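Peer 1: return atomic coordinates for the entry below.
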Amino acid sequence: MSAQGLIIGAPRSGSGKTSITIGLMRAFRRRGLVVHGAKSGPDYIDPGFHAAATGHPGVNLDSWAMPPALLAHLVARQAQGADLLVIESAMGLFDGIPAPPGRSGAAADLARLHGLPVLLVLDVSGQSQTAAAIARGFALHDPAVRIGGVVLNQVASPRHEAMTRGAIEAMGMPVLGAVYRNPAMALPERHLGLVQASEHAALESFIETLADIMQSALDLDAIHRLASPLTIAAEGAIAIPPPGQRIAIAQDAAFTFLYPHLLRQWREAGAELLPFSPLADEGPAGDADACWLPGGYPELHAGRIAAAETFRAAMHTFPGPIHGECGGHMVLGETLEDAAGVKHRMTGLLGHANSFAKRRMNLGYREALLQDDGPLGRKGERLRGHEFHYAVTTAPGSDEAFATLFDGQGKALGPAGARRGRVSGTFFHAIAKA
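Peer 2: So this is what the prediction gives:
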């Protein structure tokens, strides 16, 4: 394998990792390098930005949710054909959950497992020499995680840069660039994080602007030299087998959250993916083997979904198994209340009702013990994944539970989701079999 790799990390979320990562990816692509991107952890939004910046599909790499063999396979698979694999950390570099070594979900696990150096992004707003103490802490925290260099972000002035850079370089750590405050670098956000790449207005010009900034602000040669060779055998491993040979998948602005590695592996396993748009009042192909409603933002489009009579009728007559994740789960219920408090009729294939007006954040790793055979596996099998939503269930209905849930540390959370005949749904986003 000829690819080299590095990790873009930071002390916390909101440090500017994503903007710097996207700009770096495009800047290296301008140099003629084949760049592939990856995101540590369960964030399903950033891989779309990576794909737009590099021209190649992104992927999630999650050391908690993915068994080691699958994780190694996906790293190797993502590195194939690339000159450079850039992995963006979720949250802070060492942020994960208490778990056996190498299984915390933190990007630091990937650095240890694959010997990848870290380019540390420090938001230095409101500080100068103190940034050196933070950089020193990162350098000493774990000897198996190598901090190869620092990028200063949110720099206020040349004097601010000189003071901060001087303090960090005095401790022997290279500063490989300084990005000054620039509102043009801001990424729009909403309640589940960044607005997705597919919805970003003028995305290409935005990425080009980020690349211009990175080319002028960072030492691209030094960052490229920092990357280390990847020598991982690409042994076959599959996260979750495809639920059928022909899979109808809802795909539009309301249904967008499906992990890239699942789609790619289903295709590679020979499955045919058949997209349809509920917002365009389309139903699943009647001859598909299974129907999948991914997560997304149905709460922003509840009125249009409620008015989609062709979609609703096709869902009721679809002969095969139907599964909904998060947003898809809400659409399978009886009603969905939007932020304004208006209740909209959903498909009614399951008996629950949900509300986005009565919001409460649910966030974290989950392990699901399946309660019956279905599209995701056999009764008694365990899946690992993630839950992130603000909607609440206001009426649970009388359907049987889809799974028994546990948090990332094994604490029982009780029955969750619903199943009725061929239909199942859950707020849980599946990543891989445990």
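
Peer 1: can you classify the spatially most distant residue from the centre of the chain by secondary structure?
Peer 2: Ranking residues of the chain by C-alpha distance from their mean position (C-alpha atoms, centre = their mean) puts R159 at the top, at 37.3 Å. When classified by DSSP: H, G, I helix; E, B strand; the rest coil, R159 comes out as helix.

Peer 1: now it: how far from G166?
Peer 2: 11 Å (C-beta to C-beta, to the nearest Å). Every residue, glycine included, has its C-beta placed from N, CA and C.

Peer 1: what do you get for P42?
Peer 2: 38 Å.

Peer 1: for A211, same thing?
Peer 2: 28 Å.

Peer 1: burial count for the nearest residue in space to P396 that is not next to it in sequence?
Peer 2: Leaving out its chain neighbours, the residue that sits closest to P396 by C-beta to C-beta, 6 or more residues apart in numbering is H352, at 5.6 Å. When neighbours are counted by other C-beta atoms under 10 Å, H352 registers 22.

Peer 1: check I45 too.
Peer 2: 18.

Peer 1: do the same with D219
Peer 2: With other C-beta under 10 Å as criterion, D219 counts 15.

Peer 1: can you map out the helices along the stretch 201-350 of the chain?
Peer 2: 203-217, 220-226, 260-268, 302-307, 309-317, 327-332 (DSSP state H, counting those that start in this stretch).

Peer 1: one step back: higher neighbour count, P42 and G166?
Peer 2: P42 (23 against 13).

Peer 1: contacts only, for the more buried one.
Peer 2: 60, 62, 65, 90, 105, 365, 385-386, 388, 429, 431 (C-beta atoms under 8 Å, 6 or more residues apart in numbering).

Peer 1: separation between it and A27?
Peer 2: Distance from P42 to A27, by C-beta to C-beta: 27 Å.

Peer 1: how about A288?
Peer 2: 42 Å.

Peer 1: settle it for me: which of those two has more neighbours?
Peer 2: A27 (25 against 21).

Peer 1: on that earlier part again, for the residue nearest to P396, give its distance to G295.
Peer 2: In terms of C-beta to C-beta, H352 sits 16 Å off from G295.

Peer 1: any low-confidence regions in this structure?
Peer 2: Where the chain drops to pLDDT under 70, the residues are 1, 187-201, 234.

Peer 1: who's the closest spatial neighbour of A340, skipping the chain neighbours?
Peer 2: A357 (7.1 Å).

Peer 1: list the contacts for the one you found?
Peer 2: Here A357 is in contact with 337-341 (C-beta under 8 Å, 6+ apart).

Peer 1: redo that, cut-off 6 Å
Peer 2: 337, 339, 341 (C-beta atoms under 6 Å, 6 or more residues apart in numbering).

Peer 1: just curious, which of those is nearest to D373?
Peer 2: E337 (32.2 Å; C-beta to C-beta).

Peer 1: please name the nearest non-neighbouring residue to the closest one.
Peer 2: In space, E337 is closest to S355, 3.9 Å off (C-beta to C-beta, 6+ apart).

Peer 1: contacts only, for that neighbour.
Peer 2: 337, 392, 394.

Peer 1: distance of the second one from R345?
Peer 2: From V392 over to R345 the distance is 18 Å, taken as C-beta to C-beta.

Peer 1: the first one now?
Peer 2: Plainly put, E337 is 11 Å away from R345 if you go by C-beta to C-beta.

Peer 1: looking at those two, which one has more neighbours?
Peer 2: In terms of neighbours (other C-beta under 10 Å), E337 is the more surrounded of E337 and R345; the figures are 21 against 14.

Peer 1: what residues are up against that one?
Peer 2: 343, 355, 357.

Peer 1: any idea what S355 is bridged to?
Peer 2: E337, V392 (DSSP bridges).

Peer 1: actually K343, not the one I wrote
Peer 2: Beta-bridge partners, per DSSP bridges, of K343: E337.

Peer 1: what is the burial count for T393?
Peer 2: Counted with other C-beta under 10 Å, T393 comes out at 17.

Peer 1: and it, what is it in contact with?
Peer 2: T393 touches 352, 354, counting by C-beta under 6 Å, 6+ apart.

Peer 1: between the two ends of stretch 426-434, what distance do you get?
Peer 2: Terminal residues of stretch 426-434 are spaced 17 Å apart (C-alpha to C-alpha, to the nearest Å).

Peer 1: that older thread, so for G115, which of the helices of the stretch 201-350 of the chain sits nearest?
Peer 2: The nearest among the helices of the stretch 201-350 of the chain, by C-beta to C-beta, is helix 220-226 at 12.4 Å.

Peer 1: in that closest one, what's buried?
Peer 2: 220, 223-224, 226 (16 or more other C-beta atoms under 10 Å).

Peer 1: which neighbouring elements make contact with that helix?
Peer 2: Contact partners of helix 220-226 among helices and strands, from 3 or more C-beta pairs under 6 Å, 6 or more residues apart in numbering; DSSP states H and E: none.

Peer 1: mind redoing it with 7 Å?
Peer 2: strand 147-155 (3 or more C-beta pairs under 7 Å, 6 or more residues apart in numbering; DSSP states H and E).

Peer 1: after the helix or strand where P47 lies, next one along is what?
Peer 2: Following DSSP states H and E, one finds P47 within helix 46-54. Beyond helix 46-54 on the C-terminal side, the first helix or strand identified by DSSP H and E is strand 60-61.
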